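Participant: Fold the following, please.
(chains A and B)
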Amino acid sequence: MSCREEVAELRPHVEGLRSQGNVAVIGSGTPAMAKAFAERMGLPPDLPVLSDSRREAYRLLGFTRSIRSTFTPRALLNSLRALRKGFRQGRVQGDPFQQGGTLVIAPSGEILFRYQSKEPGDHAAPDRLIAALRGA
Amino acid sequence: MAKVDAKLADVTLKDSDDRPVRLGSLWQDRPAALVFVRHFG
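Facilitator: Take a look at the predicted model:
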């Protein structure tokens, strides 16, 4: 449900973000799961939703994968917040213990923004991404 | 400012139609925001 909440928060900002740069959503599930997720979340059909089922990019970026990081007290509070807003957890489509994060990368390869999720429900606010893209 | 690991640009992911996408192609011409979700749940 926290993933749904994150993407639902992002959705109204997709066009604003894309006026400043490229945007892609990446997950650890299969391409078929990515497609179903994009449709369910009402994402623009031309927004890339990419599958990293071998979690190669997650590993290179050092995004946390652990059972302990999945079940923290704050993750529980974040889940309750997402539930209150009406986001339900669907069947997990990917690795349930993999945490995510957000990067903004310039054409030079410079990292303009990096946010590493510590636990479910912890993610970067879209306006910080827009600011990072604008600064590129 | 730190640069991304060069290996990251060469990671090939699949799009939702199962076509390969080289990750580095996303920031080749314009800056790119990459949102890594936990899973597609």
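
Participant: Let me see the contact set for A:G109.
Facilitator: Contact analysis of A:G109 by Cβ atoms under 8 Å, 6 or more residues apart in numbering or on different chains lists B:K3, B:V4, B:A6, B:A9, B:W27. Where you see a C-beta, it was placed from the backbone N, CA and C, and this is true even at glycine.

Participant: Now tabulate the residues you listed in CSV and tack on secondary structure and pLDDT.
Facilitator: Formatted as CSV, the contacts of A:G109 follow (DSSP: H, G, I helix; E, B strand; the rest coil; pLDDT from 0 to 100):
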residue, secondary structure, pLDDT
B:K3, strand, 90
B:V4, coil, 89
B:A6, helix, 88
B:A9, helix, 95
B:W27, helix, 97
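
Participant: which SSE is A:L10 in?
Facilitator: Assigned by DSSP states H and E, A:L10 falls within helix A:2-10.

Participant: same question, A:Q89
Facilitator: Short version: A:Q89 belongs to no helix or strand, going by DSSP H and E.

Participant: Measure how buried it is and give me the count.
Facilitator: 14 (other Cβ atoms under 10 Å in any protein chain shown).
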